[in-house]
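Enquirer: sequence unknown, structure follows:
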């Protein structure tokens, strides 16, 4: 399902813990990290897609999370041409996403990366909310920064914290990996 401008409707999920750290998943057999995300299926609302993707990608059910907020509008990113299947190149540009900010009310042990037959992630970790984006695939960085900035208003505890400046974007500060 692609809109007339070539964007596939999608949801993105920023999952926080009680310390306002965010969940990062390591793409299976890759060196890139990302937030859970996935396509909205025909007839599905963004909320329904978010809960489905949450369960498929990290094994969490609605009882494990609380919705804190969502982005007001769609956020878009273009996928580089070399990443697009040849037969889609004339009609597909990228993703348009509604982002959700969730709080984990369950336990870390509720996370299960093998809850579906096609796992997306092979490791995960908690990281500071304003983590550097250098381990996120480059074409998604702008949308990630925009989503984090817009949704930070739902976490008043972050108001005193500063976003990372560009000099600090060069080094990685991801903490230990959970599997």
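Expert: Structure's in. What do you need? In this text, all values refer to a predicted model and were calculated from it rather than measured experimentally.

Enquirer: so after the lowest-mean-pLDDT helix or strand in the chain, what's the next helix or strand?
Expert: Here the helix or strand of the chain ranked lowest by mean pLDDT, DSSP states H and E is strand 33-34, holding a mean of 92. Per DSSP states H and E, strand 33-34 leads on to strand 37-39 as the next helix or strand towards the C-terminus.

Enquirer: Contacts for that next one next, please.
Expert: With contact meaning C-beta atoms under 8 Å, 6 or more residues apart in numbering, strand 37-39 is reached by 1, 8-13, 49, 52-53, 56-57, 95, 97. All C-beta atoms are positioned from the backbone trio N, CA, C, and that covers glycine.

Enquirer: Output the below-cut-off pLDDT ranges for the chain.
Expert: Within the chain, the ranges that satisfy pLDDT under 70 run 87-89, 159-179.

Enquirer: Looking at the contacts of strand 37-39, which is nearest residue 117?
Expert: For the contacts of strand 37-39, the minimum distance to residue 117 (C-beta to C-beta) is 9.4 Å, reached by residue 56.

Enquirer: which residues of the protein fall in helices?
Expert: Assigned by DSSP state H, the chain shows helices spanning 46-58, 141-151.

Enquirer: For residue 67, find the nearest of those helices.
Expert: Short answer: helix 46-58, nearest of those by C-beta to C-beta, at 7.7 Å.

Enquirer: which residues touch the nearest residue to residue 5 once chain neighbours are set aside?
Expert: Leaving aside its sequence neighbours, residue 5 sits nearest to residue 93 (C-beta to C-beta, 6 or more residues apart in numbering; 6.8 Å). Neighbouring residues of residue 93 by C-beta under 8 Å, 6+ apart: 5-7, 78-79.

Enquirer: farthest-separated two in the residues you listed?
Expert: 5 and 79 (13.4 Å).

Enquirer: more crowded one of these two?
Expert: Comparing residue 5 with residue 79 by other C-beta atoms under 10 Å, the one with more neighbours is residue 79, at 18 against 10.
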